[in-house]
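>>> I'll drop the sequence and a predicted model, then ask my questions.
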Amino acid sequence: MKIAVLGGGNGSYAAVADFTEAGHDVAWWRRDRASFADIAAAGAITVTDHQGSRKVAVSPTDDLKAAIDGASLIVAPTPAFAQEDMATALAAHLVDGQVIYLPPGTFGSYIMLKRIRDAGSTADIAIAETGTLPWLTRKQNSLEVRITTRASRLPTGVLPARLTDHAIDIISQAFPGAIEPVEDALSGALMNAGPIIHPPLILMNAGAIEHFDKWDIHNEGTQPAIRRTHTALDNERIAIREALGYGAPHFPLADHYETSDWMYGNLAHDKLVGSGDWHETLDLKNHRYMLEDVGLGLAFLVSVGEWAGVPCPVATGLLSVAGAVAERDFRKDGRTLESLGLAEKGRADVQAMLQDGL
């Protein structure tokens with residue numbers, strides 16, 4: 001199967017390496033070809049995981065049309081704030097049957113499909129999103145990526161839901177045995193772990209983060225008080241899902257720490273801490289944990305809770321504190337149902353859109 005991978009971040013490196021080693025025809029696109037200069041010269045990247053280190057031949061391109069031409073699956077593990085521009089760039093080149101996968105998406109499936117339709121594309125495509133990046137991974141430099149572990153369970157929702165079977169079949173070829181379909185794209189968006197795990201970790205460790213040159217929020221920063229906050233915040237997410245009629249499993253974050261049932265499977269948190277790759281410098285105003293997981297993900301969660309009539313005081317409080325720390329108004333400028341033009345729509349109208357598309 002031909003797979004197009006878009007972007008040049010941690011997840012894109014891991015995706016290209018894994019899909020290539022699995023025997024897929026992989027096209028790797030990034031807008032700025034100059035950023036691929038080292039890779040183009042080397043003709044390969046090095047992937048390091050539990051099997052050791054090895055080179056994987058790659059051939060990046062800045063020709064988006066060529067990258068997605070003939071691709072059954074387009075994987076975009078890019079920051080959520082890049083989704084609108086990416087959708088505009090893709091619109092003219094998409095054809096019926098293609099599947100775009102956002103791991104995760106923060107309801108980017110709706111944003112991208114709307115932008116694609118607004119750009120004039122009528123291609124009958126599916127856009128799917130899941131709850132986490134399929135890899136715990138970090139680039140070591142421009143030529144090497146380290147994969148600590150891979151997701152074993154990826155709850156995935158599809159927009160429009162009428163194309164779920166087709167989309168899940170395509171995505172499962174890239175992630176065999178890992179894809180678990182959920183009801184629709186909003187259900188998939190409400191599986192997003194980033195807005196649950198990262199806001200308490202950065203806000204309740206803010207003093208240490210700004211004091212030390214580097215800080216591991218997953219090691220020194222994951223203490224019982226923060227875990228209790230995680231649980232309270234996650235319970236609000238689950239209450240929202242249940243109020244909207246979405247069924248279990250809800251993938252509670254506690255399973256990430258306490259069981260092997262979560263998205264990354266057995267001992268994922270221990271592997272993450274053991275790698276040392278998350279001992280890093282965090283700018284609390286500009287890091288993606290703040291701009292994406294709070295400004296987009298947590299703001300979206302709060303707005304969906306309000307729309308569904310579910311109190312979410314922990315999420316709302318964290319969003320307010322984050323706004324003070326980052327000196328931003330995430331309720332005004334973040335990703336919310338209001339900003340998406342959906343807040344005034346009733347559940348029946350939203351469900352019809354989720355089922356049939358735009």
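Here it is on my side, so go on. Residues are numbered from 1 along each chain as shown.
>>> mind listing what's buried in the helix or strand of the chain with the lowest mean pLDDT?
Lowest on mean pLDDT, DSSP states H and E among the helices and strands of the chain sits helix 268-275, with a mean of 82. Across helix 268-275, burial judged by 16 or more other C-beta atoms under 10 Å covers Ala268, His269, Leu272, Val273, Ser275. Quick note: C-beta positions are derived from backbone N, CA and C, even for glycine.
>>> roughly how far apart are the last one and Arg146?
Spatial separation of Ser275 from Arg146 under the definition C-beta to C-beta, to the nearest Å is 7 Å.
>>> give me the common contacts of those two.
Arg138 (C-beta atoms under 8 Å, 6 or more residues apart in numbering).
>>> hmm, Gly305 and Pro311 touching each other?
Yes - counting by C-beta atoms under 8 Å, Pro311 touches Gly305, with 7.3 Å between them.
>>> pull the longest helix from the protein.
Assignment by DSSP state H gives helix 224-243 as the longest helix of the chain.
>>> flag every buried residue along that one.
In helix 224-243, counting by 16+ other C-beta under 10 Å, buried: 226, 229-231, 233-241.
>>> and the strands in the stretch 151-300 of the chain?
154-159, 179-181, 215-216, 279-280 (DSSP state E, counting those that start in this stretch).
>>> mean neighbour count and mean pLDDT added to those strands, as TSV?
Output for the strands of the stretch 151-300 of the chain, formatted as TSV (neighbours: other C-beta atoms under 10 Å; pLDDT from 0 to 100):
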stretch	mean neighbour count	mean pLDDT
strand 154-159	29	98
strand 179-181	20	98
strand 215-216	20	90
strand 279-280	15	86
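>>> out of those strands, the one nearest Pro195 is which?
strand 154-159 (15.1 Å; C-beta to C-beta).
>>> residue contacts, Glu292?
Each residue near Glu292 by C-beta under 8 Å, 6+ apart is listed here: Pro79, Ala80, Phe81, Thr106, Gly194.
>>> in the residues you listed, find the pair that's most separated.
Phe81 and Gly194 (12.8 Å).
>>> ok, the two, which is more surrounded?
Neighbour totals were compared for Phe81 and Gly194, and Gly194 leads with 21 against 15 (other C-beta atoms under 10 Å).
>>> check what pLDDT that one gets.
Note for Gly194: predicted pLDDT of 97.
>>> same thing with the one 3 residues further on?
The confidence metric pLDDT takes the value 97 at Ile197.
>>> once you drop chain neighbours, what's closest to it?
Using C-beta to C-beta, 6 or more residues apart in numbering and skipping residues adjacent in sequence, the residue nearest Ile197 is Leu253, 6.1 Å away.
>>> tell me, how many residues neighbour that neighbour?
For Leu253, using other C-beta under 10 Å, the count is 21.
>>> ok, and the closest non-adjacent residue to the most centrally placed residue in the chain?
Nearest residue to the geometric centre of the chain (C-alpha atoms, centre = their mean): Pro104, 1.9 Å. Leaving aside its chain neighbours, Pro104 sits nearest to Asn192 (4.6 Å; criterion: C-beta to C-beta, 6+ apart).
>>> any idea how far Val304 is from the one you found?
11 Å.
>>> got it, and Phe36?
37 Å.
>>> which one's more surrounded, those two?
Val304 (25 against 19).
>>> which residues does that one contact?
Val304 neighbours (C-beta under 8 Å, 6+ apart): Leu186, Leu190, Ile240, Leu244, Leu337.
>>> wait, the last one sits on Arg331?
No - in this structure, Leu337 is not within contact of Arg331 by C-beta under 8 Å, at 11.7 Å.
>>> ok, the two, which is more surrounded?
Leu337 (20 against 16).
>>> mind listing what's buried along stretch 4-18?
So, applying 16+ other C-beta under 10 Å, buried residues of stretch 4-18: 4-18.
>>> now do that stretch: distance to the chain's middle.
13 Å (C-alpha atoms, centre = their mean, to the nearest Å).
>>> phi and psi next, for the residue of the chain most remote from its centre.
For the chain, the largest distance from the centre (C-alpha atoms, centre = their mean) belongs to Ala41, which lies 29.9 Å off. Backbone geometry at Ala41, expressed as degrees, to the nearest 10, gives phi -70, psi -40.
>>> model confidence score at it, please.
90.
>>> again, but for the one 5 residues further on
As summarised for this prediction, Thr46 has a pLDDT of 97.
>>> the one 5 residues further on now?
In this prediction, Gln51 carries a pLDDT score of 95.
>>> how close does Val182 sit to Thr156?
6 Å.
>>> let me fix that, I meant to ask about Phe107.
In terms of C-beta to C-beta, Phe107 sits 14 Å off from Thr156.
>>> what of Gly120?
For Gly120, the distance to Thr156 - C-beta to C-beta - is 28 Å.
>>> where do the strands of the stretch 1-150 of the chain begin and end?
Going by DSSP E, counting those that start in this stretch, the stretch 1-150 of the chain shows strands at 2-6, 25-29, 44-49, 52-57, 60-61, 73-75, 99-102, 126-130, 135-141, 144-150.
>>> which one, of the ones you listed, ends up nearest to Thr259?
That would be, of the strands of the stretch 1-150 of the chain and by C-beta to C-beta, strand 144-150, which comes in at 15.0 Å.
>>> other residues contacting the closest one?
10, 13-14, 17-18, 45-50, 134-140, 178, 264-265, 268, 271-272, 275, 277.
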